[in-house]
Structure formats: C-alpha cells, structure tokens
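Engineer: Quick one, structure for this:
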Amino acid sequence: MKWAVPALAITLAGCASTPTVTEVEKKVTDTIVTVCLGVDVAWAGFELYKSKNEVKSSVVLKAAGAYSAAKAVCANPPADTPQAIASVIRAYTAFNDAIRAAKSGSGQT
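Structural biologist: All right, here's what the predicted structure looks like:
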C-alpha cells in the first residue's frame, strides 16, 4: 500500500500541465470576445429599456460614451495581455454602471 501514494502523486502530476503562451493568449482572446459580445447584448437591452422608459439624457450620454469606449477597446485591444483584459473590463464596467443607473431609478426623468 505504501507504493500507492507515490504512484498516485506521479499520476496526478502528469495531469497538471503548464499552459503555453499560445494557449494563454487564446484564452485571453476568447475572454475579450465574450466580454465584447456582452457589451453588445447589454447595449441592445439598454436600447430596449430606453425605448419603453424615460431615461435622463445625462445617463443616456454616459451610457453611449461608455459603450463607444468599450467598442473601441474591443475593436483594437492592447497587445499586452493583462492590459487588454483590464481595458475591456474597465470599459464594460463603466457601461454596465450607466445601465444600472438608468434602471435603478436614479437615471429616470
């Protein structure tokens, strides 16, 4: 039975592999694409919400600006992987905050 623990450790060690740079970059690209698609879905939802509810013009302008910023980052993400992720998430968060403000009542006229 003493041999089972080292054998199990060796077997499990073979399962854990370190991802290559290419694999990490692909995951980052996939993440950016997913976040950018989320921005488009959120914008469509905001447009629908805005068509049925009165929303302050300042909130509409803030949402439009944040949406434009997010789309700009999505169209041309930084080459630096951590910076690309951070930029997309910052843009999405600003956009999402503007939508939440509109829906919370603080953005309604």
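
Engineer: Check whether residue 79 sits in a helix, strand or coil.
Structural biologist: Assigned with DSSP: H, G, I helix; E, B strand; the rest coil, residue 79 falls in the coil class.

Engineer: Look up how far residue 91 lies from it.
Structural biologist: 17 Å (Cβ to Cβ, to the nearest Å). For every residue, glycine as well, the C-beta is placed using N, CA and C.

Engineer: Just give the nearest non-adjacent residue to the residue nearest in space to the middle of the chain, would you?
Structural biologist: The centroid of the chain falls nearest to residue 35 when counting by Cα atoms, centre = their mean (3.3 Å). With Cβ to Cβ, 6 or more residues apart in numbering as the criterion, residue 35 has its nearest non-adjacent residue at 4.9 Å, and that residue is residue 88.

Engineer: Mind telling me what element the one you found is part of?
Structural biologist: For residue 88, the host element (DSSP states H and E) is helix 81-104.

Engineer: List the contacts of the residue nearest to the centre of the chain.
Structural biologist: Contacts here follow Cβ atoms under 8 Å, 6 or more residues apart in numbering; on that basis residue 35 touches 74, 88, 89, 92.

Engineer: Can you pick out the most distant pair from those?
Structural biologist: 74 and 89 (11.5 Å; Cβ to Cβ).

Engineer: Looking at the two, which is more packed in?
Structural biologist: Higher neighbour count among residue 74 and residue 89: residue 74, with 19 against 15, using other Cβ atoms under 10 Å.

Engineer: if I look at the more buried one, how far off is residue 45?
Structural biologist: In terms of Cβ to Cβ, residue 74 sits 17 Å off from residue 45.

Engineer: again with residue 65
Structural biologist: 17 Å.

Engineer: next one: residue 83
Structural biologist: Residue 83 sits 28 Å away from residue 45, taking Cβ to Cβ as the criterion.
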